[in-house]
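1. take a look and give me a structure for this.
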Amino acid sequence: MTGEIHISPSILAADPLHLGDAVAAVRDAGVTRLQVDVMDGRFVPNITYGPAVVKAIKEASGLMVEAHLMIVEPERYVPVFAEAGADVIIVHQEVSPHLYRTLQHIRDQGKRSGVAINPGTPAFMLDDVLGLADLVLVMTVNPGFGGQQFIPEMLAKVRTVRDMVDRRGLAAELEVDGGIDEETAPEVTAAGATVLVAGTAVYDNPSGVSAAVTSLRRAALSGTNV
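-> Residues are numbered from 1 along each chain as shown. You can find the predicted model right below:
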């Protein structure tokens, strides 16, 4: 594994009354990207943000914005989120019957394509589309809510996906999302993850956002030395 380790804060964990402040706080803490969790109440049991929030964050911050579409029929909304300014559009394998076409469509919009798999989805389900993914997201909790406990069994899946990417000589980033904190960060980077999505570990840290990002990055980097 080569390349940098990135922290991608999830605004799902931020105070919805102060999203602007939450975005500014992570930008000032030195992160270069963040994730907007888009949930529809159907694919996952929650309803959250949409393209208007993506647009506002992109215009106000200039950060790389990942739109994680936890929605049914994500292919219908690729142009909408592309127009809103999302730099990375992530769709789930579980709700994308024409996944190859959808990933190609994302790239055709001039965006980076991402594909996500849930804890119950085996890594081999990505085998035929891996070459079209600029980012692979392994969910380390069941999606839908923040603040969940990391599922330890997902470390094996992270290692499997890392091996799949490396054996093919691909440049896809390997992202993990769910239960990421100072304890689990070095475990997932040791397994091969390069992008760590963190919500409560960033926004609920009593020491503040900047200290949280610094501690999380330090912990994540320690895993690369294992």
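2. tell me where this structure has strands.
-> 6-9, 33-39, 64-70, 88-92, 112-117, 135-139, 173-177, 195-198 (DSSP state E).
3. list the neighbouring strands of the fifth one plus their orientation.
-> It stands for strand 112-117. Note on strand 112-117: by DSSP bridges, its sheet partners are strand 88-92 (parallel), strand 135-139 (parallel).
4. which one of these lies nearest to residue 165?
-> Of all these, strand 135-139 sits nearest to residue 165, with 7.0 Å by CB to CB. C-betas here are computed from N, CA, C, even on glycine.
5. just the residues contacting the closest one, thanks.
-> 66, 68, 88, 90, 112-119, 123, 126, 130, 154, 157-158, 161, 165, 172-178, 193, 195, 197 (CB atoms under 8 Å, 6 or more residues apart in numbering).
6. quick one, which of the strands paired with strand 112-117 is nearest to residue 210?
-> strand 88-92 (24.0 Å).
7. how far does that closest one sit from the chain's center?
-> 9 Å (CA atoms, centre = their mean, to the nearest Å).
8. mean confidence for it?
-> Mean pLDDT, computed over strand 88-92, is 98.
9. could you do stretch 159-166 as well?
-> 98.
10. what are the buried residues along it?
-> Neighbour counts over stretch 159-166 (16 or more other CB atoms under 10 Å) mark 159-162, 164-165 as buried.
11. just put the residues you listed in a markdown table and tack on distance to residue 137.
-> Below are the buried residues of stretch 159-166 laid out as a markdown table (distance: CB to CB, whole Å):
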| residue | distance to residue 137 |
| --- | --- |
| 159 | 15 |
| 160 | 14 |
| 161 | 10 |
| 162 | 13 |
| 164 | 14 |
| 165 | 13 |
